[in-house]
Each structure stands twice: as C-alpha cells, then as structure tokens.
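Asks: how does the following fold in three dimensions:
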Amino acid sequence: MYARIFSLRIRYLLTFGLAITTLFFVLTEKTKPLEATTSQAITDQNGDGIINLVDARLLAPPQTVNCPVCVDVNGDKKIDSMDVYLVRFNAGLESPDEGKYSYKPRLDVNNDGVLSQADADIIQTYVGQGVQAPAFGLDDPSELTFGYVADELLVKFKIGVVSQQKSPIFTKFNANAKESFNLVNTDKIKINTNNIEALQKQLNNESDVEKAYKNHVGELMTNDPYWQNQWGHRQIRIEETWYTETKGSATNPVQVAVIDTGLDVNHPDIQKNLSSTRRNILIDSPQDPDYSNVDDTEGHGTLMSGIIAATANNDKGIAGLAQNVELIPIKAGASVSDSAIGKAFEWIIGEVNRGDLDIKVINMSFGYGYTDSNSFLTNFHLQYAREKLGIVLVASAGNDGRGDCEYPARHQNVICVGATNAQDAICNLSSGKSDADILAPGSEIISLSAAAIDADGNGVHTSSGCWTSQAAAYISGVAALCRTVSFLPKSTEITREDLKCKNMNHQGYGRVDAWATLWWRNCHKYDFNNDLKINTLDAQSVAFRFNQPSTYNILYDIAPVGTDGRIDLGDVYAILQRDGLFCPAW
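Replies: Okay, here's the model as predicted:
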C-alpha cells in the first residue's frame, strides 16, 4: 500500500515537474529578445489600408521582441530621450497644465489604444540603440513612421515614355493605372502584391521608369483634440487653404470684430489670436471698469469667436479657421438692440477713422427680423462701414426657414449667410433659401464654450441643430483669410465680390469653398506668364523645374505656404488643381 502511494507521489511529482518545465520554456520563449525580421515583407496587419509602425508592432511587439524601428516614433533612426519625451508630452505627462495632444497611433508603442507611461517605459529600454536597415524588408525603415498606402505606388516615367510603353509594364507586374499626372509623366498604380518594397525596386530597374515612389501619408495639420469633430472645416477645404494659400499673417494679422454676447477672454484656446482691445457697448463711460469687460455669460459670442479664431495646432480644444488673426470682441448683450449695434458701429468707425484700429471684417450672428433695411438706425452705419471704410460685413440669414434674409443680413452692403448640413443641403430652418449671398456649415458645429455655460468642463460645446449664426462665423473666418492675401478696395461693389467663389458644390448660391475663395484672391502667384489664366503653360513651368532641380526658382515654389525650399509634386499638384481657372485683372 505504501509502495503504491509512493509510486503515485513520484508520478505526480514527475508530471508536475514536467508541467513546470514546459511552463518555464513557454515563458522563456515568450520573453526571449528575438530580432525583428529583416527580410520578411511587412503587410497591412490591421487592415486599415496603411502600412506603418502599428503593423510593425503587431508583427514584432517591442515589449517582447527586439524591434528598434518599432519605437522610433520620430523617425530619426535613433532611440533617445526625445522619443520618450514625445510620448510623455502627447500623453499629458510632461506638461499636464497644457493638456495633451490628440491620440497618434505612431506613439502608441504597445498598441493598446491609449498613450501612457507604459509606452514611454518600453521606449526607455531601447534608449541608445539605432535603427538598422533593412528591417521588415525595407531599406529605409523610417518610412514606417508615418506610413504609406498599402496597395499603391507612384511611378514616374522618363521623358518621352508614352502610354503604349507603360501598359506592358503594368501588365508585367499585375498592376492597374488609377490616376495619371501627365505633365510630370507619373501614374498612380494599384498593385497586387504583399511585397511593395520588392515591387518598387523592380519598377526602378525598368528602363522606361525614372523612379517609383511609395504613396506616403501624413498626419492632420492640427493636433487639436476635437479636430476630428470639426466636419465643417474639412467640408470647406480649410486644410487645402492652409497648405497652398494662407494661414493668415502672424506679423500683420487681419482684425476681426465680433459683435455678440462677449467672449470668455480667459479661455485657453483663444489667447494667441485675442486682441488686447475689447469693448462693452452696454457701458458708456471709458472710466467705468466694465467699459472693456466683455465677460460672456451667455456663451454665444465665445462660440462664434472660436469658429473664427480658436488657436490651431496647440493641443487644446479646436482649430479656428484663421490661424493668425486679431479678434476684437464687442459685447452688445444677449438682447442686442438696434441702438446697441449702432453704438458698436459708432465706436468701430471712430477707432478706424482715427487710425487706432484697422478692422477689416465684422461678424454679426444676430438678426432683427425681415423688415426693410431703411427701418433700422444702423442702416447708415452699415453703409458707411462698407462703402467708406471697405469693411467686410457678415450676418446670419435667420433661423425661420424663409426664402429671404433678415436684417442686418438683408442689407445691400452685408453678406447674408444661410446654413448647410454635412450633406451640403440647406438646413430646413435656415432662412435665405433664395436670397442668401452664400451658404456655410451650420449643423452640429463644435466650438469653444464659455466658462459660464461649460457643463462638461472641457472647454468646447457642440450646438445641437443647424443655425445660421455659426454659418456666418464660418464666412467671417474665410473673409479674414481672404483679406490677408488681397486688399478689398473701398467701393460699392457687389457684396458677393467680397467672397468670389469658384468650383463649389451648389446649393442655392453655393456653399463656401475656402480654397476656391482664397485661390481667387491669391491666384496671381500661380500665373507665371501674367495672362490672367492658369493653364498648361504655367504647369509646364513648374514641371520643367520639377524635372530639373538645378533650375530651382522660388517663384515656382508655391506649396506649402511660405515655400519649402524645393519644387516637387506638391507644387505640381497645386497647379494641376487650378488648370482652366481665370484670375481677375489687377
């Protein structure tokens, strides 16, 4: 009996020991510092259409596999304190008082969907290492930092190669042409292979090919946390406007006055573009401490001001349309009377005539109904501000679902703005359906929230419904950018000439297209031969310098804003987008 028990214990110990040994080897294998594969082609592991660091980390988790490229979050091919700092800063661990940037997948080292100290800790274990090539089959593994499209290549053919010569090459590599850029003899092709690097090299060896490029992707131009919610900005092509036209002038910002309920001047996301000049129209005496107190207890003025001038790319809140602008808040109260607005214009006109201010745009997101303009005191003020001072006046059409605009938007010197939704349809409750000068996004618009009404404490507010107040603020923001690139003469020209729009999606008179508007005012920089039109001659001028870098001339370096020191596809695209458009005479 004892022998049997002893035998069972021995068998148990042997079984237990084998299990422990197996577990030991499993754990050892899982934590063994393997090398990231150097030859295996990287593919789109998560199916998002992009090949980047996320896919590399899925193939070689850097916490268990030795993968320096996986933690090189800034793509400089070395792992140092800056990589650690970038993660910590974007996670809000370096400067908590400044908030944090929006989530960036390239900084999420452990692919858990959040940025935290855990990501920084993993990078810390790599500090001092360098990124060696090849890695994941890439000669330049830094291409993974921002990534590239998983199934596309851009193939630039040599001068003189025609389509008949290209077709056999596409067939040979089982690729299909998706888009052509004829002036630079480049084709974007859809590929059918898991090894994009190998195909790129094969194409580079073709006698008719000058060079094949991966279709690299980038990040959004702003890191504001709620940028993804600002559908209206993208709808009017503000990113393209910032990239190829203007962000506003930092040295000589356009002054924009917002006559409204005031402004939360302490809001952290408006500071950069906020003027030191403020005016409370409800107070008459300059000696009264509240003469310049524009505290916003209603929130409406702060909401409008944010659309126009919230600081962009500062990891806070939202991005305003004009990245460099001087916002002048004028408080007229929640019940804006005609006399209060008259006082506001009296003050503005006096300041401008004395040369103390140089206001170029006035936003009026309010209305007085649909009575004839001659019935209002401010009829004269509006006419004087526009015709004598050349100020662009913008007002909301009204929210009564009417075909006509309410006052002051119905005034002949004011731009009347109706509201559209994300489908570019005029909102049901928007007035100005037949009379509006222009339309702009007004549905579910996110902007800044005044402290007095900030229920969530996050500094932003999304308006439920669709309103022409927000639409007017959109036009004021675009008008401010427009005045940056072209002075508007003091004249009685038709109001819609203030915002000359081309190539827009039409609803009524057309939803504003920021890029088209700014292009129209700024188009002479693309007209190299001064014939007042953009065509193949201008495109050829850029293409010639693209193909011969030694002939660099800053005149043809048109993208991004401010030039980037080289003439490349960005400059070519800027011209191609404008082919067939005309410039106004100087």
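Asks: the stretch 201-350 of the chain: helices as residue ranges?
Replies: Using DSSP state H, counting those that start in this stretch, the helices found in the stretch 201-350 of the chain span residues 231-235, 238-244, 300-309, 338-354.
Asks: mean pLDDT lowest for which of these?
Replies: Within the helices of the stretch 201-350 of the chain, confidence is poorest for helix 238-244, with a mean of 87 (mean pLDDT).
Asks: please name every helix or strand in contact with that one.
Replies: helix 514-522 (3 or more CB pairs under 8 Å, 6 or more residues apart in numbering; DSSP states H and E). No exception for glycine: its C-beta is placed from N, CA and C like everyone else's.
Asks: looking at the helices of the stretch 201-350 of the chain, which is buried most?
Replies: Sort the helices of the stretch 201-350 of the chain by mean neighbour count, taking mean count of other CB atoms under 10 Å, and helix 300-309 sits at the top with a mean of 30.
Asks: so which elements touch it?
Replies: Secondary-structure packing of helix 300-309 (3+ CB pairs under 8 Å, 6+ apart): strand 254-260, strand 325-331, strand 446-448, helix 468-485.
Asks: what's the spacing between A472 and S292?
Replies: 24 Å (CB to CB, to the nearest Å).
Asks: so the two - more neighbours on which side?
Replies: A472 (32 against 16; other CB atoms under 10 Å).
Asks: contacts only, for that one.
Replies: Contacts for A472 (CB atoms under 8 Å, 6 or more residues apart in numbering) come out as M304, N363, M364, S365, V394, A395, S396, A409, V417, A440.
Asks: next step: those restricted to helices.
Replies: Counting by DSSP state H, the part of the contacts of A472 found in helices is M304.
Asks: for the contacts of A472, which one is nearest C67?
Replies: Of all the contacts of A472, A440 has the smallest distance to C67: 47.5 Å, by CB to CB.
Asks: contacts only, for that closest one.
Replies: Contacts for A440 (CB under 8 Å, 6+ apart) come out as 232, 236, 417-420, 470-472, 474-475, 478, 511-512.
Asks: save those residues as CSV, and put in distance to Q129 too.
Replies: Conversion of the contacts of A440 to CSV gives the following (distance: CB to CB, whole Å):
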residue, distance to Q129
G232, 45
I236, 45
V417, 56
G418, 58
A419, 55
T420, 52
Q470, 50
A471, 53
A472, 55
Y474, 48
I475, 53
V478, 48
R511, 52
V512, 50
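Asks: filter those residues down to the buried ones and hand me the ChimeraX line.
Replies: What follows is the ChimeraX syntax selecting those of the contacts of A440 that are buried according to 16 or more other CB atoms under 10 Å:
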select :232,236,417,418,419,420,470,471,472,474,475,478,511,512
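Asks: can you mark which positions in stretch 545-560 are buried?
Replies: Within stretch 545-560, the residues scored as buried using 16+ other CB under 10 Å are R545, F546, N547, Y556, D557, I558, A559, P560.
Asks: pretty sure G49 sits against E152.
Replies: No. Applying CB atoms under 8 Å as the test, G49 and E152 come out as separate, 9.3 Å apart.
Asks: who's more crowded, the two?
Replies: Comparing G49 with E152 by neighbour count (other CB under 10 Å), the higher total belongs to E152, at 18 against 12.
Asks: pLDDT value on the more buried one, please?
Replies: At E152, the model reports a pLDDT of 92.
Asks: secondary structure class for it?
Replies: The three-state assignment at E152 reads strand, by DSSP: H, G, I helix; E, B strand; the rest coil.
Asks: how about D400?
Replies: Applying three-state DSSP to D400 yields a three-state assignment of coil.
Asks: how much space separates the closest residue to it other than its chain neighbours from A409?
Replies: Among residues not flanking D400 along the chain, S431 sits closest, at 5.1 Å (CB to CB, 6 or more residues apart in numbering). Distance, S431 to A409, by CB to CB: 8 Å.
Asks: ok so, going back, of the helices and strands packed on helix 300-309, which shows the lowest average pLDDT?
Replies: Comparing mean pLDDT across those, the weakest is helix 468-485, with a mean of 93.
Asks: about what we covered before: nearest to T125, of the contacts of A440?
Replies: Each of those was scored against T125 by CB to CB, and G232 proved nearest at 43.8 Å.
Asks: which residues touch that closest one?
Replies: A440, P441, G442, I445, Q470, Y474.
Asks: how far away is it from A257?
Replies: Computed as CB to CB, the G232 to A257 distance reads 22 Å.
Asks: and if you look at Y243?
Replies: Applying CB to CB to Y243 and A257 gives a distance of 28 Å.
Asks: okay, and the helix or strand of this structure with the least pLDDT?
Replies: Every helix and strand in the chain was compared by mean pLDDT, DSSP states H and E; the lowest is helix 2-31, with a mean of 37.
Asks: what about the nearest residue to A340 once chain neighbours are set aside, how many neighbours?
Replies: Closest residue in space to A340, ignoring its immediate chain neighbours: A332 at 4.5 Å, by CB to CB, 6+ apart. By other CB under 10 Å, the residues close to A332 number 25.
Asks: from now on call the first residue 490
Replies: Got it, first residue is 490 now, which makes that one A821.
Asks: I'd say L1058 and V1031 touch.
Replies: No. Taking CB under 8 Å as the definition, L1058 is not a contact partner of V1031, at 10.0 Å.
Asks: of those two, who's got more company?
Replies: Counted by other CB under 10 Å, L1058 and V1031 do not tie: V1031 has more neighbours, with 28 against 17.
Asks: is that one in contact with Y1062, as I believe?
Replies: No. In this structure, V1031 is not within contact of Y1062 by CB under 8 Å, at 9.7 Å.
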